[in-house]
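K.L.:
predicted model, plus sequence, below.
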Amino acid sequence: MKKIYRNFELDTHKEKSLAGYLLLYFAIYDKDGYEWVCGFEDSVEKVVNKIDDLEKWVDEFYENIKNKICSDCYEELDDRLYCKFCDLDYNKYIK
Ligand SMILES: [Zn+2]
């Protein structure tokens, strides 16, 4: 299932692994297609619950910008909301 949430695309779906059991895949992309989060886990969790988790990640992402923290490396951003470690400009996320 895909969902747009606060300018991010959240993607979760279940897929059979090579071993034959179901895995839950999840990813978060920004509107430029940059992949912020990606992974998989055992499928005990429901897809809708995982979407909730991803929404929380996005909320935290915006919270981090407010607190001038990079969501990639968790280092401090400079006054222009730029992370010199990741070469990321956070201004585009708050416009
Ligand atoms: Zn960073």
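P.N.:
Good, I have the coordinates.
K.L.:
can you give me phi and psi for the closest residue to Leu81 other than its chain neighbours?
P.N.:
Of all residues not flanking Leu81 in the chain, Tyr90 sits nearest, at 4.1 Å (Cβ to Cβ, 6 or more residues apart in numbering). For glycine as for every other residue, the C-beta is placed from the backbone atoms N, C-alpha and C. Per-residue torsions, Tyr90: phi -80, psi 0 (degrees, to the nearest 10).
K.L.:
please report how far Tyr90 lies from Arg80.
P.N.:
Tyr90 sits 9 Å away from Arg80, taking Cβ to Cβ, to the nearest Å as the criterion.
K.L.:
who's more crowded, the two?
P.N.:
More neighbours surround Tyr90 than the other of Tyr90 and Arg80, with 20 against 8 (other Cβ atoms under 10 Å).
K.L.:
list every C-alpha atom in the helix or strand containing Val48, with coordinates, as PDB.
P.N.:
When elements are assigned from DSSP states H and E, Val48 belongs to helix 47-66. Listed next in PDB are the C-alpha coordinates belonging to helix 47-66 (Å, rounded to 0.1, in the frame of the first residue of the first chain):
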ATOM      1  CA  VAL A  47       0.700  -3.300   6.700                       C
ATOM      2  CA  VAL A  48      -1.600  -0.500   8.200                       C
ATOM      3  CA  ASN A  49       0.400  -0.600  11.400                       C
ATOM      4  CA  LYS A  50       3.600  -0.200   9.600                       C
ATOM      5  CA  ILE A  51       2.200   2.800   7.700                       C
ATOM      6  CA  ASP A  52       1.500   4.300  11.200                       C
ATOM      7  CA  ASP A  53       5.200   3.700  12.100                       C
ATOM      8  CA  LEU A  54       6.300   5.400   8.900                       C
ATOM      9  CA  GLU A  55       4.100   8.400   9.500                       C
ATOM     10  CA  LYS A  56       5.700   8.700  12.900                       C
ATOM     11  CA  TRP A  57       9.100   8.700  11.200                       C
ATOM     12  CA  VAL A  58       7.900  11.600   8.900                       C
ATOM     13  CA  ASP A  59       6.600  13.500  11.900                       C
ATOM     14  CA  GLU A  60       9.900  13.100  13.600                       C
ATOM     15  CA  PHE A  61      11.700  14.200  10.400                       C
ATOM     16  CA  TYR A  62       9.900  17.600  10.600                       C
ATOM     17  CA  GLU A  63      10.400  17.800  14.300                       C
ATOM     18  CA  ASN A  64      14.200  17.200  13.700                       C
ATOM     19  CA  ILE A  65      14.200  20.200  11.300                       C
ATOM     20  CA  LYS A  66      12.600  22.400  13.900                       C
END
